[in-house]
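A.B. asks: I would like to see how this sequence folds:
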Amino acid sequence: MKLYKFELENFIAYLDTLKTDRTDSRHKAKFKKHLLEHYDEFLKDTNDINMDYVIKDSNGNPVIEDEKYTFENNHKRLSEIQSLHKEQIVIDETNERKAMLLSIKESVINRGPTEFEGIAADWYDRFCEIVEQIEYKDEQ
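C.D. replies: Residues are numbered from 1 along each chain as shown. Now for the predicted structure:
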């Protein structure tokens, strides 16, 4: 299963809307924890890029103007951040993850809100595309 790093925050938030019980709730919690680890790394990498380009004073502290950081070579910084956003995360479909991933697939497709408007509908469609990648030969 693959998804882009920029999709992590919305996907994690969507998982919170799913109505699950018992085993499916445990699977959702484990899956969210896994996604949150990727999301934390993504935030750290974004911050690292920003700190590489932030203008610093003589003491090495970031220069803040109008309550915002000031960056050098902002075009290059934004290009690196955009590349980071487009990186894919691969969640391997191992036998150990089989029950969890199949539960997530079922939950995303069938246990969330039943009506969507605007951008929420687009995100739901994308989340379904993501979980529809999950395939096991003996899928139940």
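
A.B. asks: burial measure for the closest residue to residue 109 other than its chain neighbours, as a count.
C.D. replies: With sequence-adjacent residues excluded and distances taken as C-beta to C-beta, 6 or more residues apart in numbering, residue 109 is closest to residue 128, at 5.7 Å. The way it works is simple: take the backbone N, C-alpha and C, and place the C-beta from them, glycine included. For residue 128, the neighbour count with other C-beta atoms under 10 Å is 13.

A.B. asks: ok, residue 128 touching residue 110?
C.D. replies: No - using C-beta atoms under 8 Å as the test, residue 128 is too far from residue 110 to be in contact (10.1 Å).

A.B. asks: Could you tell me which residues touch both of these two?
C.D. replies: With C-beta atoms under 8 Å, 6 or more residues apart in numbering applied, the contact sets of residue 128 and residue 110 do not overlap.

A.B. asks: For residue 76, identify the helix or strand it belongs to.
C.D. replies: Using DSSP states H and E, residue 76 falls within helix 74-85.

A.B. asks: Return the residues in contact with residue 6.
C.D. replies: 85-86.

A.B. asks: Please enumerate the strands of the chain.
C.D. replies: For the chain, the strands defined by DSSP state E cover 2-4, 64-65, 68-69, 88-90.

A.B. asks: what's the most buried one of the ones you listed?
C.D. replies: Mean neighbours per residue, mean count of other C-beta atoms under 10 Å, is largest over the strands of the chain for strand 2-4, with a mean of 14.
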